[in-house]
Structure formats: C-alpha cells, structure tokens
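[1] with the input below, show me the fold.
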Amino acid sequence: MSKLLYLTAMLIMMSLSACAVTPKKATLYERIGGHEVLTMVVDETIDKVAHDPKTQRSFEGVKLKALKESIVSQLCELSGGPCKYEGETMKNAHQDAKITEAEFELMVSALRDALNRHTATREKNEMLRLLAPMKRDIVSVHP
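    Down below sits the predicted model:
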C-alpha cells in the first residue's frame, strides 16, 4: 500500500510540474510602469508643447485634459495595456492641423525627454518605435 501511495504522490507531483505555467513575458505597458507612468509622460509632453511658442498654435482651442486622456489610452493600448483607444485615427485627427515636420520633431523631442525621465532606455525606444509609423499620418506640411 505504501508503494501505491508513493507512486500516486509521484504521479501527482509530475503532473503538477508538467502543468506549471511558464512566467509570461511582461508587456511594455507593465515594464514602463503602467498607467501612472504613461500619464506622467503624456502630461509633461503635452504641457511642454502646448506652451512652447514653436508648437502652441497646434493646441489652440484643444481641450488639453481630454487630449491627454486620449493619448494615455492610445499609448496604453499600443504598449499592451488593458486600455481600449476609441479616439480618431491619426490621419483624421490631424488632417486640418497642418502639422509641420519641425513641429512634429519638437513633439517627439518633448516625448523623448519625458520618457527619459520616467523609463529605461529599452522601454523608451520600444515606445518610440511603436509611435514612429504615425508620423506619415500626422505631418502634412513638409519643407
């Protein structure tokens, strides 16, 4: 009987170890610090460009609080977080804004600075790579 009990215990232990879940790889959202860090990054970025004389014209009449919330939601979804971005496409949102290449680059610079303050280099670079393809839908005035 003790042999049977021993074999049963061994089979159960082997079954449990075979079913062990491999740790899932953390998403960019998790590695970046989640909603809290994304909110800080977006707040700092938008506050800077909305008040910079070189870029502020693009934010005239824009409800900054709503814009920030929308961008946080978009970055959250893009980085694998639990959010669902329900805003406009980048093309629709910027079609009449006449965003120049220079304005876009200043926005990217402000975003990069904020990411540098709150995230590691790897996560910053991953986020910027996710956002880079949007340039073609945002910039409409080329030099």
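
[2] switch to C-alpha atoms for all contacts and neighbour counts from now on
    Will do.

[3] same for the helix or strand hosting Glu77, what does it pack against?
    Per DSSP states H and E: Glu77 is located in helix 64-78. With contacts taken as 3 or more C-alpha pairs under 8 Å, 6 or more residues apart in numbering; DSSP states H and E, helix 64-78 sits against helix 34-51.

[4] now do the buried residues in the one helix or strand Leu131 maps to.
    Element membership for Leu131 (DSSP H and E) is helix 121-131. For helix 121-131, the buried set under the neighbour-count rule, 16 or more other C-alpha atoms under 10 Å, comprises Glu123, Lys124, Met127.

[5] ok, the first one - contacts?
    Residues counted as contacts of Glu123 (C-alpha atoms under 8 Å, 6 or more residues apart in numbering) are Leu28, Arg31, Ile32.

[6] measure it to Leu38 for me?
    12 Å (C-alpha to C-alpha, to the nearest Å).

[7] mind listing the shared neighbours of these two?
    Ile32.

[8] quick one: contacts for the most centrally placed residue in the chain?
    Ranked by distance to the mean C-alpha position of the chain (C-alpha atoms, centre = their mean), the top residue is Leu75 at 3.0 Å. Contact analysis of Leu75 by C-alpha under 8 Å, 6+ apart lists Leu38.

[9] let's see that with 10 Å instead.
    Applying C-alpha atoms under 10 Å, 6 or more residues apart in numbering to Leu75 gives the contacts 29, 34-35, 38-39, 42, 69, 81, 83-85, 127, 130-131.

[10] between the residues you listed, which sits nearest Asp96?
    Closest approach between the contacts of Leu75 and Asp96, by C-alpha to C-alpha: Leu131, at 20.3 Å.

[11] ok, now how distant is the closest one from Leu111?
    11 Å.

[12] flag the shaky bits of the chain, pLDDT-wise.
    For the chain, applying pLDDT under 70 flags the ranges 1-22, 143.

[13] returning to what we had before: mind listing what's buried in the helix holding Glu77?
    Neighbour-count burial for helix 64-78 [16+ other C-alpha under 10 Å]: Leu67, Lys68, Ser70, Ile71, Val72, Ser73, Gln74, Leu75, Cys76, Leu78.

[14] now stretch 85-100
    Within stretch 85-100, the residues scored as buried using 16+ other C-alpha under 10 Å are Tyr85, His94, Ile99, Thr100.
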